[in-house]
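**Q** This is the structure alone, sequence omitted:
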């Protein structure tokens, strides 16, 4: 076999590997682009469904909670907003069931806690601050749940 034939075969082999590499690179780029496009389209749903609740409605409703005569009062506005948010999020019951179940669980946990606090006992002055702290932590857990799902950190 002559040197020119060896060079021709070597060139063909290099060309084949280059073509194969380009095909693999194209496939990876396509898959990455599809994931980004899917994430961008899902982000729109999160924005439409959750923005008003997380930015305005829940913080405003939280401000109404107070203590009067050692009893928690005016927590029903927050419960109503949480219920409305969960109803608005029904889309995710069918597209991201794990997220929806986690969100529902965290909302139910906070609602149960508020009902327990508001209906079952009197709170001394020093206990009231602790109750607000616990309520805030439960609200933060709901926000984290939504943010994690928005960022793609949940199962689908």
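**A** Perfect, thanks for sending it. Bear in mind that the values here come from a model prediction, so they are computed numbers and not experimental data.
**Q** Look at the closest residue in space to residue 45 that isn't next to it in sequence and report its pLDDT.
**A** Nearest non-adjacent residue to residue 45, counting by C-beta to C-beta, 6 or more residues apart in numbering: residue 91, 6.3 Å away. Using the backbone N, CA and C atoms, a C-beta is placed for each residue, glycine as well. Residue 91 is assigned 92 on the pLDDT scale.
**Q** Correct me if wrong: residue 91 contacts residue 49.
**A** Yes - between residue 91 and residue 49 a contact is recorded at 6.8 Å, counting by C-beta atoms under 8 Å.
**Q** between the two, which one's more packed in?
**A** Neighbour comparison, residue 91 and residue 49: the larger count goes to residue 49, with 17 against 13 (by other C-beta atoms under 10 Å).
**Q** Was I right to think that one contacts residue 87?
**A** No - Residue 49 is beyond contact range of residue 87, at 10.1 Å (criterion: C-beta under 8 Å).
**Q** Please state the offset of the helix ranked longest in the chain from the chain centre?
**A** Secondary structure of the chain per DSSP state H: the longest helix is helix 3-52. Averaging C-alpha positions (C-alpha atoms, centre = their mean, to the nearest Å) puts helix 3-52 28 Å from its chain's average.
**Q** need the next SSE after it, C-terminal direction.
**A** Next along the chain after helix 3-52, taking DSSP states H and E as the criterion, comes helix 58-64.
**Q** buried residues in the helix or strand harbouring residue 144?
**A** Per DSSP H and E: residue 144 is located in helix 125-150. For helix 125-150, the neighbour count (16 or more other C-beta atoms under 10 Å) marks 131, 135, 138-139, 142, 145-146, 149-150 as buried.
**Q** what's the offset of stretch 132-140 from the middle of its chain?
**A** 18 Å.
**Q** I'd like to check what contacts that stretch. Which residues are they?
**A** 58, 62, 65, 106, 109-110, 113-114, 117 (C-beta atoms under 8 Å, 6 or more residues apart in numbering).
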